[in-house]
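Asker: the amino acid sequence is not available; the structure is as follows:
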Ligand code: DAK
């Protein structure tokens, strides 16, 4: 598939998608979102890919939804445009997605990063939900995911003032996993991706699914879901191999089966 607004590369088991509209700070127009979701789904189907990295490059992650496109939109356009479905499709990607964030990560950009599973920030990254500044509010999960990530009070402050926070502050409140120098951002993301990619993919997939569930269900339902996923792993060859290798004091050889 060919893409106009994103760059796609593959490095071994890592699929990398880079937002590529630098002139408009990677503003997320519909075309970009469609391409991104298609690329994610391609990676999800590709058996040679185990982990996905999403980045915008060193200068900017994304400055939000494309305001040029949104300025004229009516509620009917939003309903008929089915843009929310694209975001739901990202939620259904079964492989882990690591966001490598540098520069502005605002509005829909921050919502996109929060749709990922791990967020690595560069020292220059700034995070914010500035939608109130332009007379709207977060609409792609910001009020829900930010609140789950950092709690009610910090979420209220960020969303109601529209002010951005530094990478340092984002780390302190639990919005990102770690901060690295700009020039090491992709290396660090790839290091974590490679580590995850070396694990049995069915375990990783099941664990991701269970953690995502933890965010949107009750403890009881989540525990039940975890238990069933856990049972399933006892039917995998990798599950048997992993435990056997431990007992035989050798390195496991996982086959993804
Ligand atoms: N949309 C379109 N163009 C943008 C943009 C954006 N969000 N952000 C920046 N640009 C463009 C600028 O217009 C400018 O283009 P030219 O004028 O050169 O043609 C170029 O990028 C460079 O921007 P600046 O000249 O403004 O650069 P500065 O360094 O001075 O300022 C800034 C950087 C990030 C502080 C500033 O650009 C800024 O405030 N940008 C807007 C940030 C913002 O308000 N973002 C939130 C947008 S609302 C939905 C899903 C998601 C959403 C909604 C619905 N559905 C599923 C339906 C999300 C909504 C949002 O994100």
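Answerer: Ah, there it is. None of these values were measured; they are calculated from a predicted model. Residues are numbered from 1 along each chain as shown.

Asker: show me where the stretch 51-200 of the chain has strands.
Answerer: Secondary structure of the stretch 51-200 of the chain by DSSP state E, counting those that start in this stretch: the strands cover 51-55, 60-62, 97-101, 104-106, 118-122, 126-128, 165-166, 178-180.

Asker: among those, which is nearest the ligand?
Answerer: Closest to the ligand of the strands of the stretch 51-200 of the chain, according to CB to the nearest ligand atom: strand 104-106, at 4.5 Å. Heads up, the C-betas are built off the backbone N, CA and C, glycines and all.

Asker: could I get the strands of the stretch 51-200 of the chain as TSV with mean pLDDT, mean neighbour count and distance to residue 193?
Answerer: Output for these, formatted as TSV (pLDDT from 0 to 100; neighbours: other CB atoms under 10 Å; distance: least, CB to CB, whole Å):
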stretch	mean pLDDT	mean neighbour count	distance to residue 193
strand 51-55	98	25	4
strand 60-62	98	27	17
strand 97-101	98	28	6
strand 104-106	98	27	19
strand 118-122	98	25	9
strand 126-128	98	24	21
strand 165-166	98	17	25
strand 178-180	98	17	14
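
Asker: next, format those as TSV and append distance to residue 248.
Answerer: Converted to TSV, the strands of the stretch 51-200 of the chain look like this (distance: least, CB to CB, whole Å):
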stretch	distance to residue 248
strand 51-55	28
strand 60-62	45
strand 97-101	32
strand 104-106	46
strand 118-122	32
strand 126-128	46
strand 165-166	49
strand 178-180	35
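
Asker: now for those strands, which one comes closest to residue 219?
Answerer: Closest to residue 219 of those is strand 118-122 (CB to CB; 23.2 Å).

Asker: elements contacting that closest one?
Answerer: The helices and strands touching strand 118-122, judged by 3 or more CB pairs under 8 Å, 6 or more residues apart in numbering; DSSP states H and E, are strand 97-101, helix 167-173, strand 178-180, helix 185-197.

Asker: at 6 Å what do you get?
Answerer: Counting contacts by 3 or more CB pairs under 6 Å, 6 or more residues apart in numbering; DSSP states H and E, strand 118-122 is packed against strand 97-101, helix 185-197.
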